[in-house]
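Visitor: Show me how the following folds:
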Amino acid sequence: MTEIAFLSAVELAAKIRAREISSEELLNHFATRIDRYNPEINAVVFEWRERALDEARAADKKLGSGDTLGPLHGVPMTVKESFPVTGTPNTWGDPNERDNIASADALAIQRLRQTGAIVFGKTNVPLRLADMQSYNELYGTSNNPFDLSLTPGGSSGGGAASLAAGFTGLEMGSDIGGSIRTPCHFCGVFGHKPTYNLVPLLGHALDPQIRAPADISVIGPMARSAQDLAVTLQTIAGPSGIMARGFQLALPTLDGRSLKNLRVATWSDDSTCPVTTETAQRVEDVAQACADAGADVQAVRPDFDSMHHQSTYDYLLQAEMASRRSAEEFENTMRYLESLDPAEAHPRTLASLRAQVGSHRTWKSHVEDRERIRWKWHEFFQDYDVLLAPITPTPAFKHDHRSFGERTLKVDDLEIRYGDQVFWAGIASLGYLPATAIPTGLNAQGLPIGVQIIGPEYADLVTIGVASELESIGFSFTPPAHYLA
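Guide: Numbering: from 1, shown residues only. Modelled structure (predicted):
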């Protein structure tokens, strides 16, 4: 039954409906694989098997009575540790939150369960979801199924590794700086960063009383196929609570168009954050496939300065991430900033610290810069349907648990600052744009390389639709050979 573990969620749901396998059998199959392989990958960090088995049996019983809850009926799935699920730890990898037990499901989890999904486990994250790797003092280090010496990415790294290793049918992640897209790129699976606030963040927090959505941050699906992304997004998207009184969801789709009808832009490299030759080539490979299918492909990008875009994104990202810290940590940051000599400190370090403790007036000036960039994107997408771009400068890299300031990243023969790699995530994140990560196959070292498909705000089903078109011509998930046994 090994091949069952690597099917898409939609295919698994079809097999359950056709009585080729029961939800209970499928859940047990995933559990067996987790018992066998998870000790070396450390992707799934918490399970509630008995409760999930009860739900799976109930789903099978409903199906036996001719009652289905939705397109994911009976499909076992995992979710990122940061999602509150009733009765489970919700720590965000922070030892100070080890006793934080969720008292209710996040709204997205409620919606998934209502459509029949069986949530049975949680996957690993970095401390406070703030790294491109996934490790913490509570749960340890997650490894990449394609090479255990490498990171699966972050901050949804445990989820991407679980999908790649065949531990789960579906996964939910979150993304503020590439936290869905980077792990998908490193582990060769699909993922979707939705348009900002398209999927309500309600409940995705350490404190269940929080109501204000985090700036930039989104939650979205991760899967082994583009079709799974579409089904899941339509399950979890849409207004909640207050907004539902006056808003309805009506997302545009490809509406019958194929690749040959599309206008495709490419942005494969940038001096602000250079990428490896093979990473840029994968963008070009996807672009060529689109052109071969008849698409109008142009190497063109929006009319804004990359460095200004990055500085705006850096400021707003650092300000939002800093809001998660305690008052004591805030004061420590203030004191550290005051102790630095501006003439000796790295300009990016100074900018980051100033953003973490900046004034509301300064924050608002960067919000205005973002709004102008959003309008630049809006104008750009009058002429193009989607844009193809890298996700990070390199494939997956070796574990590096030094302080952020000590870490660097090798991009071919160039060494860059570790934090600079979020540039490519930021081109979609800052502008609130949807971005779908797709696999493009393995490189000579046997590592996956992904590409992101970016579209205008609310064109989520368009970027996923393009991903599906590309999947059908070969840009699909390849299981890691070691876990096919």
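Visitor: which residues are contacting the helix or strand harbouring residue 338?
Guide: Element membership for residue 338, per DSSP states H and E: helix 327-339. Helix 327-339 is contacted from outside by 322, 325, 350, 353-354, 356-357, using Cβ atoms under 8 Å, 6 or more residues apart in numbering. For glycine as for every other residue, the C-beta is placed from the backbone atoms N, C-alpha and C.
Visitor: Buried among these? Make that a ChimeraX selection.
Guide: Per 16 or more other Cβ atoms under 10 Å, the buried members of the contacts of helix 327-339 correspond to this ChimeraX selection:
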select :322,353,354,356,357
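Visitor: Just give me the closest of the contacts of helix 327-339 to residue 277.
Guide: Relative to residue 277, the closest of the contacts of helix 327-339 is residue 350; by Cβ to Cβ it sits at 32.3 Å.
Visitor: Name the nearest residue to the closest one, ignoring sequence neighbours.
Guide: residue 342 (6.2 Å; Cβ to Cβ, 6 or more residues apart in numbering).
Visitor: same thing with residue 221?
Guide: residue 232 (3.7 Å).
Visitor: one step back: check the contacts of helix 327-339 and tell me the two furthest apart.
Guide: For the contacts of helix 327-339, the farthest-apart pair by Cβ to Cβ is 325 and 350; their separation is 18.4 Å.
Visitor: How is residue 373 assigned, secondary-structure-wise?
Guide: The assignment at residue 373 comes out as helix when based on DSSP: H, G, I helix; E, B strand; the rest coil.
Visitor: Can you get me a residue count around it?
Guide: With neighbours defined by other Cβ atoms under 10 Å, the count for residue 373 comes to 21.
Visitor: That one contacts residue 429, correct?
Guide: No: if you go by Cβ atoms under 8 Å, residue 373 and residue 429 don't touch, sitting 11.2 Å apart.
Visitor: Now do the contacts for the residue most central in space within the chain.
Guide: With distances taken as Cα atoms, centre = their mean, residue 180 lies nearest the centre of the chain, 1.1 Å away. By Cβ under 8 Å, 6+ apart, the contact list for residue 180 reads 156, 173-174, 191-193, 220, 222, 437.
Visitor: Tell me the one among the residues you listed nearest to residue 208.
Guide: Comparing the contacts of residue 180 against residue 208 with Cβ to Cβ places residue 174 closest, at 16.4 Å.
Visitor: Surely that closest one is within a strand?
Guide: Yes: under three-state DSSP, residue 174 falls within a strand.
Visitor: tell me the secondary structure for the closest residue to it other than its chain neighbours?
Guide: In space, and not counting its chain neighbours, residue 174 is closest to residue 219: 4.7 Å by Cβ to Cβ, 6+ apart. Recorded secondary structure, residue 219: strand (three-state DSSP).
Visitor: ditto for residue 317
Guide: With three-state DSSP as the criterion, residue 317 reads helix.
Visitor: Please narrow the contacts of helix 327-339 to those residing in strands.
Guide: Applying DSSP state E to the contacts of helix 327-339, no entry is found in strands.
Visitor: Rebuild the contacts of helix 327-339 as a markdown table, extending it with distance to residue 449.
Guide: Converted to a markdown table, the contacts of helix 327-339 look like this (distance: Cβ to Cβ, whole Å):
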| residue | distance to residue 449 |
| --- | --- |
| 322 | 32 |
| 325 | 34 |
| 350 | 34 |
| 353 | 33 |
| 354 | 35 |
| 356 | 33 |
| 357 | 38 |
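Visitor: can you put the contacts of helix 327-339 in CSV and add pLDDT and distance to residue 290?
Guide: Below are the contacts of helix 327-339 laid out as CSV (pLDDT from 0 to 100; distance: Cβ to Cβ, whole Å):
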residue, pLDDT, distance to residue 290
322, 93, 40
325, 86, 43
350, 88, 42
353, 91, 42
354, 93, 42
356, 95, 41
357, 93, 45
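Visitor: So which of the contacts of helix 327-339 belong to helices?
Guide: Within the contacts of helix 327-339, residues falling in helices by DSSP state H are 322, 350, 353-354, 356.
Visitor: Identify the spatial nearest neighbour of residue 182, chain neighbours not counted.
Guide: Sequence neighbours aside, residue 153 is the residue nearest to residue 182 in space, at 4.2 Å (criterion: Cβ to Cβ, 6+ apart).
Visitor: and the one you found, how many neighbours does it have?
Guide: Number of residues near residue 153 (other Cβ under 10 Å) recorded here: 33.
Visitor: and it, what does it touch?
Guide: 132-134, 144, 160, 182-187, 396.
Visitor: run the last query once more with 7 Å
Guide: By Cβ atoms under 7 Å, 6 or more residues apart in numbering, residue 153 lies in contact with 132, 134, 160, 182-183, 185-187, 396.
Visitor: Please apply the same query to residue 303.
Guide: Residue 303 makes contact with residue 376, according to Cβ under 7 Å, 6+ apart.
Visitor: thought residue 174 was touching residue 221?
Guide: No: using Cβ atoms under 7 Å, residue 174 makes no contact with residue 221, being 10.9 Å away.
Visitor: Compare these two and say which is more crowded by neighbours.
Guide: For the pair residue 174 and residue 221, the greater number of neighbours falls to residue 221 (29 against 25), based on other Cβ under 10 Å.
Visitor: Which pLDDT does the model give the more buried one?
Guide: Predicted confidence (pLDDT) for residue 221: 99.
Visitor: May I have the beta-bridge partners of it?
Guide: Judged by DSSP bridges, the bridge partners of residue 221 are residue 172.
Visitor: Mind listing residues that contact stretch 135-150?
Guide: The contact list for stretch 135-150 (Cβ under 7 Å, 6+ apart) reads 40-43, 45, 91, 93, 95, 98, 124-127, 134, 151-152, 157-158, 161, 164-165, 186-187, 396-399, 401, 446-448, 480, 483.
Visitor: now, which of those lie within strands?
Guide: If you go by DSSP E, the contacts of stretch 135-150 have 45, 448 in strands.
Visitor: Now the buried members of the contacts of stretch 135-150.
Guide: When the contacts of stretch 135-150 are checked for burial by 16+ other Cβ under 10 Å, the buried set is 41-43, 45, 91, 93, 124-127, 134, 151-152, 157-158, 161, 164-165, 186-187, 396-397, 399, 447-448, 480, 483.
Visitor: Could I get the full set of helices for the stretch 301-450 of the chain?
Guide: Along the stretch 301-450 of the chain, the stretches classed as helices by DSSP state H, counting those that start in this stretch are 306-322, 327-339, 347-356, 360-380, 423-429.
Visitor: Just confirm residue 72 contacts residue 11, I think it does.
Guide: No: if you go by Cβ under 7 Å, residue 72 and residue 11 don't touch, sitting 11.8 Å apart.
Visitor: Looking at these two, which has the bigger crowd around it?
Guide: It is residue 72, of residue 72 and residue 11, that has more neighbours when counted by other Cβ under 10 Å, with 28 against 17.
Visitor: is it possible to export the helices of the stretch 301-450 of the chain to CSV including distance to residue 200?
Guide: Output for the helices of the stretch 301-450 of the chain, formatted as CSV (distance: least, Cβ to Cβ, whole Å):
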stretch, distance to residue 200
helix 306-322, 17
helix 327-339, 28
helix 347-356, 26
helix 360-380, 20
helix 423-429, 18
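Visitor: any idea which of the ones you listed is most buried?
Guide: Of the helices of the stretch 301-450 of the chain, the one with the most neighbours on average (mean count of other Cβ atoms under 10 Å) is helix 423-429, at a mean of 26.
Visitor: how about the CA coordinates for that helix, as CSV?
Guide: C-alpha atoms of helix 423-429 as CSV (Å, rounded to 0.1, in the frame of the first residue of the first chain):
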residue,chain,number,x,y,z
PHE,A,423,13.5,38.9,-0.7
TRP,A,424,11.8,36.5,-3.0
ALA,A,425,9.0,35.6,-0.6
GLY,A,426,8.5,39.3,0.0
ILE,A,427,7.6,40.2,-3.6
ALA,A,428,4.3,38.5,-3.0
SER,A,429,3.9,39.0,0.7
